[in-house]
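[1] dropping a prediction and its sequence here:
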Amino acid sequence: MDNKAKLLIVDKYQSSSDAMAVTLKSLGYRIVTADDTQIAAQLNINEKPDLVILDIRIPEHSLIELTSALLASGSAYVFLLQHFNDIQPKLDEGQSSLGFVVNSDDHTILLSGIESALNCARQIRYLHKEEQRCSKSLKTEKAINIVVGILMERYNLNRDSAYELLRSKARSERRRVIELAQEILDAHSIFNQLSQ
């Protein structure tokens, strides 16, 4: 169990969320609660919980509004059921919940749902970071390749020689290759605009 996880419990019935909060705090979780979706949206921004637990009994309009805000902020959330048969038809398939947890007297059921959701949330965050890293890497590679192509054409060089020319110039100026490549691309773009 991840004792450092921060959970935001959103439940319009304060007594219900208080009881769950006491149980989860005793198990080492850090707990933030809200009985209103607007307060929950603000707490999500301020507190940055690892997981948001939404009571399924929240009115549909408020629930849709809150889940949209959570998705926009990249937050992971699950729906809280009071009983196994509580799944309501108001939830459409397009909502990106990590699933459901059941508020059961058997705490192992609740805990296994929370831990599963936390693991999924961690994996999703890792994949988002990897996607951003790969995207940045591809943009960098693209810019360098374009400049290498420009140098190949301008100086009649092969690819390796053109890249070495770019790298040597960057090194002599104590700059990163991508910085110099971007500067050359910007200048080339301005030059092309002048010649049109």
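    That came through, no problem.

[2] any idea of the mean pLDDT in stretch 148-168?
    Stretch 148-168 carries an average pLDDT of 95.

[3] then stretch 111-126?
    Regarding stretch 111-126, the rounded mean pLDDT is 88.

[4] again with stretch 10-26
    So the average pLDDT for stretch 10-26 ends up being 86.

[5] show me the contact partners of that stretch.
    Stretch 10-26 has contacts (CB atoms under 8 Å, 6 or more residues apart in numbering) with 7, 9, 31, 33-37, 40, 52-55, 57-59, 66, 80, 82, 103, 107, 110, 114. The C-beta positions use only the backbone N, C-alpha and C, and glycine is treated the same way.

[6] narrow those residues to those in strands?
    Of the contacts of stretch 10-26, the ones assigned to strands by DSSP state E are 7, 9, 31, 33-34, 52-55, 80.

[7] of those, closest to I124?
    V52 (13.4 Å; CB to CB).

[8] give me the number of residues near that closest one?
    When neighbours are defined as other CB atoms under 10 Å, V52 has 31 of them.

[9] and the spatially closest residue to it that is not a sequence neighbour, how far from S168?
    Excluding its sequence neighbours, the residue lying closest to V52 (CB to CB, 6 or more residues apart in numbering) is Y77, at 3.9 Å. Counting by CB to CB, to the nearest Å, the gap between Y77 and S168 amounts to 52 Å.

[10] so the residue nearest to V52 touches D55, yeah?
    No: assessed by CB atoms under 8 Å, Y77 is found out of contact with D55, at 11.3 Å.

[11] returning to that earlier point: which one of the ones in strands among the contacts of stretch 10-26 has the most neighbours?
    V52 (31 neighbours).

[12] tell me the spacing between that one and I114.
    From V52 to I114 the distance is 11 Å (CB to CB).

[13] over to S161?
    Applying CB to CB to S161 and I114 gives a distance of 58 Å.

[14] higher neighbour count, the two?
    Using other CB under 10 Å, the more surrounded residue of S161 and I114 is I114, with 23 against 14.

[15] I'd say that one and D50 touch.
    No: using CB under 8 Å, I114 makes no contact with D50, being 9.8 Å away.

[16] anything in contact with each of these two?
    5, 7.

[17] how far off centre is stretch 55-62?
    In this view, stretch 55-62 has its centroid 24 Å away from the chain centroid, taken as CA atoms, centre = their mean, to the nearest Å.

[18] mind listing what's buried in that stretch?
    55-58, 62 (16 or more other CB atoms under 10 Å).

[19] name the single longest helix found in the chain.
    When the chain is parsed with DSSP state H, its longest helix is helix 107-155.
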